[in-house]
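**Student:** one predicted model, sequence on top.
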Amino acid sequence: MSELTITNAGTTVTQDRPGMGSNNNRLNEMKTKVFSVTPTTTTAACATDDVIFQAKGLVDFMSEKGGTAIIQSITILDDDNEGATMDIVFMDTDGALDATGAAGTPIDAADGAVPEAILGFVTVSNYFDGVAWKVAQKDNIGLAIKSADTTRNIWISAVNRGSAVTYTADDDLKLKIGYIQD
C-alpha cells in the first residue's frame, strides 16, 4: 500500500491507495539470490574466440516462467590457474554458440541461429591470483534479462577473449552469479 498526497486550494489530504506499491516497496519485494554452477569446461586447447563451455542450463533461475532478473555480479573460481579473460553469454533458450556444439571451437559465420537467443554478455577479466588458482570478479553489472515465456531457465556459455588456454579438467571453472529476481 502506498500513500497519495493531494493538495487542493491549500488543503492537503493524504490517502492510502491499496494495490499501488511505491518504487521503494517494489524494490524491497525483489529477492537477492546467488546461483552457483559448475559448467562442463572443454579440456581442448582454447584459442582466442573459442568457446570454453556451451549452453549450461541454469534450472529454475527465475521465480516464474517468463520471469525477469538483473545480473549484479559474477565470480569465477578458476581451479586450473588460467586466468583467461572471457565473455559470459546469457541466453533464453538452450543453444550452442558454435554450431558444431563442441567447446574449444571458434564462433564463426555458420553460427547464425544463435543471436536471437542472446540476452546479453558480461566480460570478466579481473583476477585475484591465489598462486595455484585464480578468482575473477565482476560487480555492478546491471544486466536485465528475461527467460522465455515457457520456462524459468536461462543458459550461459563462455568465450575465451584472452590468450590461448587449456583447462586440465572439465570442472575447472565454478561460477557464482549474483542477481536480483522479481
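**Tutor:** The structure has been received and is ready for your questions.
**Student:** make it CA atoms for all contacts and neighbour counts henceforth
**Tutor:** Will do.
**Student:** give the rounded mean pLDDT of the helix or strand where G178 lies.
**Tutor:** Using DSSP states H and E, G178 sits in strand 173-181. When pLDDT is averaged over strand 173-181, the result is 97.
**Student:** parallel or antiparallel, list what pairs with that strand.
**Tutor:** strand 31-37 (antiparallel), strand 68-78 (antiparallel) (DSSP bridges).
**Student:** winner for burial among the ones you listed?
**Tutor:** For these, the largest average neighbour count (mean count of other CA atoms under 10 Å) is found in strand 68-78, namely a mean of 21.
**Student:** could you point out which element follows that strand?
**Tutor:** strand 86-91.
**Student:** related to what we said a few turns ago, what about the strand holding G178, distance to the chain center?
**Tutor:** 7 Å (CA atoms, centre = their mean, to the nearest Å).
**Student:** dump that strand to PDB, restricted to CA.
**Tutor:** Extracted in PDB, the C-alpha atoms of strand 173-181 (Å, rounded to 0.1, in the frame of the first residue of the first chain):
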ATOM      1  CA  LEU A 173      35.600 -23.300 -13.600                       C
ATOM      2  CA  LYS A 174      33.000 -22.700 -10.900                       C
ATOM      3  CA  LEU A 175      30.700 -19.700 -11.200                       C
ATOM      4  CA  LYS A 176      28.600 -17.700  -8.700                       C
ATOM      5  CA  ILE A 177      26.100 -15.400 -10.300                       C
ATOM      6  CA  GLY A 178      24.600 -12.700  -8.000                       C
ATOM      7  CA  TYR A 179      21.200 -11.400  -9.200                       C
ATOM      8  CA  ILE A 180      18.000  -9.700  -8.200                       C
ATOM      9  CA  GLN A 181      15.000 -11.700  -9.100                       C
END
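**Student:** give the buried residues for that strand.
**Tutor:** Buried positions in strand 173-181, judged by neighbour count with 16 or more other CA atoms under 10 Å: 173-181.
**Student:** residues near A148, how many?
**Tutor:** Look at A148: counted by other CA atoms under 10 Å, it has 17 neighbours.
**Student:** give me the nearest residue to it, chain neighbours excluded.
**Tutor:** Excluding the flanking residues, the one nearest A148 by CA to CA, 6 or more residues apart in numbering is G66, at 4.9 Å.
**Student:** report pLDDT for the one you found.
**Tutor:** 96.
**Student:** element containing it?
**Tutor:** Going by DSSP H and E, G66 is not part of any helix or strand.
**Student:** I'd say it and Q181 touch.
**Tutor:** No: taking contacts as CA atoms under 8 Å, G66 lies outside contact range of Q181: 11.8 Å.
**Student:** F128 and E82 touch, don't they?
**Tutor:** No: look at F128 against E82 with CA under 8 Å: they stay out of range, at 11.4 Å.
**Student:** neighbour count: those two, which is higher?
**Tutor:** Neighbours were counted for F128 and for E82 using other CA under 10 Å; E82 has more, 21 against 13.
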